[in-house]
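Student: Attaching a predicted model along with its sequence, questions to come.
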Amino acid sequence: MARIKYNSDVMGYISIFESLTGAKVKDCIANDNIIFIVHENEMGKAIGKEGSNIKRVENAFKKKIRLAEFNSDVLQFVRNLIHPIRAKEIKEEEGVVTIYGEDTKTKGMLIGRDRHNINSTADIVKRHFDIKEIKVG
């Protein structure tokens, strides 16, 4: 679990997101799209009525926005991160989180092309929890 450092762009994104939605941001990851991790019980505020807040934020940044709700339980946090993909089961043993998919299509979506999705998920979880890796089983 490394200390998180933000550059001025990310700090700007957080500030604008919080002012447009009223939801408190715990973390923000900005690359080709922007991922906001909001505090527990802030997801409704972040999305807004019929998605109005999230649409406003996407229009302001001209980028695709993803939201996930933080949870102090690592397994629930992983479940929130991979949403809308449904995992059959998520287990954690000795710092290794294993996500069990329903079928090969689900496993493929969890892993992503060139392992992009699973690596991204692992990087985000490692920012908040002391884990070694995330695997798809």
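Tutor: Thanks, I have the structure now.

Student: Which residue ranges of this structure form helices?
Tutor: 8-21, 43-47, 52-61, 74-82, 104-111, 116-128 (DSSP state H).

Student: Now render these as TSV, adding mean pLDDT.
Tutor: Output for the helices of the chain, formatted as TSV (pLDDT from 0 to 100):
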stretch	mean pLDDT
helix 8-21	93
helix 43-47	94
helix 52-61	93
helix 74-82	96
helix 104-111	95
helix 116-128	93
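
Student: wait, which of those is closest to E94?
Tutor: Closest to E94 of the helices of the chain is helix 74-82 (CB to CB; 12.7 Å). C-beta here means a position set from N, CA and C on the backbone, and glycine is covered the same way.

Student: how far is the closest one from where the chain is centred?
Tutor: On the basis of CA atoms, centre = their mean, to the nearest Å, helix 74-82 sits 8 Å off its chain's mean C-alpha point.
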